[in-house]
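1. here's my sequence, what's the structure:
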Amino acid sequence: MNERYSDRYLKDILNRTKRVALVGVSMNQVRPSFYVARYLKLKGFEVIPVNPGHAGKPAFGQTVVASLSDIEGGVDMVDIFRRSDHVPPIVDEALDCFADLQTIWMQIGVWHEQAAEKARARGVDVIMNRCPKIEYQRLFGELRMGGFNTGVISSRLN
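-> As a prediction, this is how the structure comes out:
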């Protein structure tokens, strides 16, 4: 449950990823899945929002799709914002739909070892119980001591 991933491994995944299917995206701006999708989009990732309850709505420069099978073309990464017990069918669908899938990423609090093993057996990297937004900020110098980057540079001592 407490997976260890090297910084190099995480950074390599984030550097190679261009197109992300975000499963379980919310249109509610205070939900983590919304601001993670928004952040990834702002960082240059193409984010394909997946949520059957919002299918057809515009979000993050795309149209929300109901399922992974509705995505045209491939994706590099499937980011899962669903409970752990929902993971196996999502991983199965991802493996069926995307021949060149590189990464399954399960958000903080989400893990499923059997689904992870199935993906790894197909040559897909798996990250569990982590957030790509947090890892991106940490690995690319955007997080500071307080957990945020104020953008203010000061040598003043308080």
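
2. at which residues are the strands of the chain located?
-> 19-23, 46-50, 58-59, 62-63, 77-80, 103-106, 125-127 (DSSP state E).

3. buried sites along stretch 14-29?
-> When neighbours are counted by 16 or more other Cβ atoms under 10 Å, the buried residues of stretch 14-29 are found to be 14, 17, 19-27. Glycine gets a C-beta too; all of them are placed from N, C-alpha and C.

4. compute the first-to-last residue distance for that stretch.
-> 24 Å (Cα to Cα, to the nearest Å).

5. and what of stretch 49-64?
-> 5 Å.

6. remind me which residues of the protein are low pLDDT?
-> Along the chain, the model assigns pLDDT under 70 to residues 1-3, 143-158.

7. and the spatially most central residue of the chain, what does it touch?
-> When Cα atoms, centre = their mean is applied to the chain, the residue found nearest the centroid is D79 (3.3 Å). Contacts for D79 (Cβ atoms under 8 Å, 6 or more residues apart in numbering) come out as 20-23, 36, 105, 107, 132.

8. wait, K133 touches K41, no?
-> No: K133 is not in contact with K41 according to Cβ atoms under 8 Å; the separation is 10.9 Å.

9. closest one to P89 out of the buried residues of stretch 14-29, please.
-> Nearest to P89 among those is V23, at 10.5 Å by Cβ to Cβ.
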